[in-house]
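# Please work out how this folds:
(2 chains)
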Amino acid sequence: MATYSTNQFKSGLKIILDGAPYNIVENEFVKPGKGQAFNRVRVRNLLTGRTVEKTFKSGDTVEAADVVEVALQYLYSDGEAWHFMNPESFEQMTASDSAMAEASKWLKGQEICTLMLWNDAPISVVPPNFAILAITETDPGLRGDTATGGTKPATLETGAVVKVPLFVEPGESIKVDTRTGEYVSRAKEE
Amino acid sequence: MTALWRPTADISALTERAALKRRIREWFDQRGFLEVDTPVLVAAPVTDPATENLTLAPGAAPGDVFLATSPEYAMKRLLAAGSGNIYQLGPTFRADERGRYHRPEFTLLEWYRVGQGLTGLMDEAGALLQALGFPPARRVAYSAAFAKVTGLDPLDVDNATLQRCAQDLAKGLTLDEDDRAMLLDVIFGIAVGPTLGQDGVPMLLHGFPLCQAALATQDPHDLRLANRVEIFIHGVEIGNGFEELTQAEVQRARFASDNLVRASRGLAPRAVDERLLAALRAGLPACAGMAIGLERLHMVLHSHHDIRSVMAFADELIVSTAEGPSEGCDR
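Okay, here's the model as predicted:
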């Protein structure tokens, strides 16, 4: 079992606390004059996404977390799990619903996603920053209505619902920012 | 990956440092202080429970050799030998200290004035800071600063309450209720220190609890206090000073109690520096001394936010792991 000492702490280091994998977001070395030194860290639970503060005595050790990030291609979902493939080794891997979280809203197939693996099992999936998706359902576009700021809901081919400008037509493809879930623009030829 | 051969500080910062050192030397020389140089390699480690000496590898020299964590003991031996007022600017070494304001090797300005008490020391430190360009310093008592932030009186509050307060601030840390000095350190380091001198006006913090006396004399007017002062600027501890302990037997007792604290924290005891005690017995004149971290002084004077920016090569000792260099502090 690999361990880290507090003097190896830095942002991005993956450690185990209370049995869960955490990422060190911020690490501060505190030592009041001639006093005991300690490290105050902000850590993010990689399973729940929650950030907490922890303090360690300088010199304490923690267990290293076996966490790596890999780029895998999304293949398909069979209702039970989400299937990915390493485009170089053709090895396949499945991710659970909880690892997918919001990513499932933006994937139709073939996208290269970033998966975080803990002990070789996916715990999170991040799709590409932008997705080009077709609108399957929305109210008809109002011609000439390019000036108003109004929006209407549109359902995309993945089932995601985003707000789009009033002039957008059903059947059109749009570009969406997957990080915010927001409409960016009409898609160029795709 | 940045070119690892490059300095971590800009040449402009190194120019600031050279000018700062020149102004410091001028100030002390004008006041008749003698500049001295004391060894970096020493035979006796410190008993301080919170400071570890770096050591040379076994076999590198006959006997154990340590790197000095401060020039204090040697400078006191000079004072006992009749040196008069002295100052030193030189490298200092402390194990396992790395962070935004820490490196295991750093530079200390340390000075001693004979016949001076704590108030005179605070006046002198304030005068030096003003000469370097800071506004006139303010003073605050440790207990007032502590109470302002925590609502607790650090001199009177019981250990259990102190422990709850410390535990609140340091989640995840197991704190021994009986280690009062540690509890105060945790609270002070996290919650109080960073609030001092925030407006850029240096703050002189005095009236430390006796358990944090280090090598300072006990305040005869209030036996709960030690004659110790710390300088804070922008929440950073810049300096630490004492009205110096001159009695060998009191000093020996302090060393012994340090070793007890070391034992309670699971640390090996340290042999006492007999040459320092012999100097005290021979007669250390009443004096007060102050140590200021040159890099931190530079940082607050010229608005640098990481010690890397003020040291020519701050990261020579960083160990590279597979993920890249590891550091004590990151943003």
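# going forward, measure contacts between C-alpha atoms and count neighbours the same way
Fine.
# Tell me the residues of chain A that contact chain B?
A:7-11, A:26-37, A:40, A:53-57, A:59 (C-alpha under 8 Å from any C-alpha of the partner chain).
# give the contact list for the spatially most central residue of chain A.
Centrality entry for chain A: nearest residue to the mean C-alpha point is residue A:126, 3.6 Å, by C-alpha atoms, centre = their mean. Residue A:126 sits next to A:100, A:103, A:113-115 when contact means C-alpha atoms under 8 Å, 6 or more residues apart in numbering or on different chains.
# gap between it and residue B:286?
Distance of residue A:126 to residue B:286, given as C-alpha to C-alpha, to the nearest Å: 67 Å.
# again with residue B:117
Taken as C-alpha to C-alpha, the span from residue B:117 to residue B:286 is 8 Å.
# if I look at those two, which residues touch both of them?
residue B:243.
# Assumed residue A:93 was part of a strand.
Yes - using DSSP: H, G, I helix; E, B strand; the rest coil, the assignment for residue A:93 is a strand.
# is the nearest residue to it once chain neighbours are set aside in a bridge, and if so with what?
Spatial nearest neighbour of residue A:93, excluding adjacent residues (C-alpha to C-alpha, 6 or more residues apart in numbering or on different chains): residue A:84 at 5.2 Å. In this entry, residue A:84 is beta-bridged to residue A:74, residue A:93, by DSSP bridges.
# rewinding a little: need the buried ones from the residues of chain A next to chain B selected in ChimeraX.
Buried members of the residues of chain A next to chain B, defined by 16 or more other C-alpha atoms under 10 Å in any protein chain shown, are picked up in ChimeraX with:
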select /A:7,8,9,10,11,26,27,28,29,30,31,32,33,35,36,37,40,53,54,55,56,57
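# so where's chain A uncertain?
Low-confidence segments of chain A (pLDDT under 70): A:34, A:142-148, A:189-190.
# Which of the contacts of residue A:126 ranks first by neighbour count?
residue A:115 (23 neighbours; other C-alpha atoms under 10 Å in any protein chain shown).
# Does it touch residue A:123 like I think?
Yes - counting by C-alpha atoms under 8 Å, residue A:115 does reach residue A:123; the two are 7.5 Å apart.
# Tell me which residue is most central in chain B.
Centroid check for chain B by C-alpha atoms, centre = their mean gives residue B:240 as the closest residue, at 5.1 Å.
# Count residues in the vicinity of residue B:119, would you?
Residue B:119: 14 neighbours (other C-alpha under 10 Å).
# Likewise for residue B:316?
Neighbour tally, residue B:316, other C-alpha under 10 Å: 10.
# quick one, helices of the stretch 1-150 of chain B?
Taking DSSP state H, counting those that start in this stretch, the helices of the stretch 1-150 of chain B run over residues B:11-30, B:72-80, B:118-132, B:142-150.
# In CSV: those, plus distance to chain A and mean pLDDT.
As requested, the helices of the stretch 1-150 of chain B are exported to CSV (distance: least, C-alpha to the nearest C-alpha, whole Å; pLDDT from 0 to 100):
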stretch, distance to chain A, mean pLDDT
helix B:11-30, 22, 98
helix B:72-80, 14, 97
helix B:118-132, 17, 97
helix B:142-150, 13, 96
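# which of the ones you listed sits most buried?
helix B:72-80 (a mean of 21; mean count of other C-alpha atoms under 10 Å in any protein chain shown).
# Can you dump the C-alpha atoms of that one in CSV for me?
Provided in CSV are the C-alpha atoms of helix B:72-80 (Å, rounded to 0.1, in the frame of the first residue of the first chain):
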residue,chain,number,x,y,z
GLU,B,72,21.1,32.1,18.7
TYR,B,73,23.3,29.8,20.9
ALA,B,74,26.5,30.9,19.2
MET,B,75,25.6,34.6,19.3
LYS,B,76,24.8,34.3,23.0
ARG,B,77,28.2,32.8,23.6
LEU,B,78,29.7,35.8,21.8
LEU,B,79,27.8,38.1,24.0
ALA,B,80,29.0,36.3,27.1
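# Mind giving me the packing neighbours of that helix?
Here helix B:72-80 touches helix B:274-283, going by 3 or more C-alpha pairs under 8 Å, 6 or more residues apart in numbering or on different chains; DSSP states H and E.
# contacts for the helix it packs on?
With C-alpha under 8 Å, 6+ apart, helix B:274-283 has contacts from B:73-74, B:76-77, B:80-81, B:246-248, B:251-252.
# one more time with 6 Å
Helix B:274-283 has contacts (C-alpha atoms under 6 Å, 6 or more residues apart in numbering or on different chains) with B:73, B:77, B:80, B:246, B:248.
# Report the next helix or strand after that helix in sequence order.
strand B:287-293 (DSSP states H and E).
# Show me how far whatever helix or strand comes next after that next one is from its chain's centre.
Downstream of strand B:287-293, the first helix or strand assigned by DSSP H and E is helix B:294-301. Mean C-alpha position of helix B:294-301 versus that of the full chain (C-alpha atoms, centre = their mean, to the nearest Å) differs by 14 Å.
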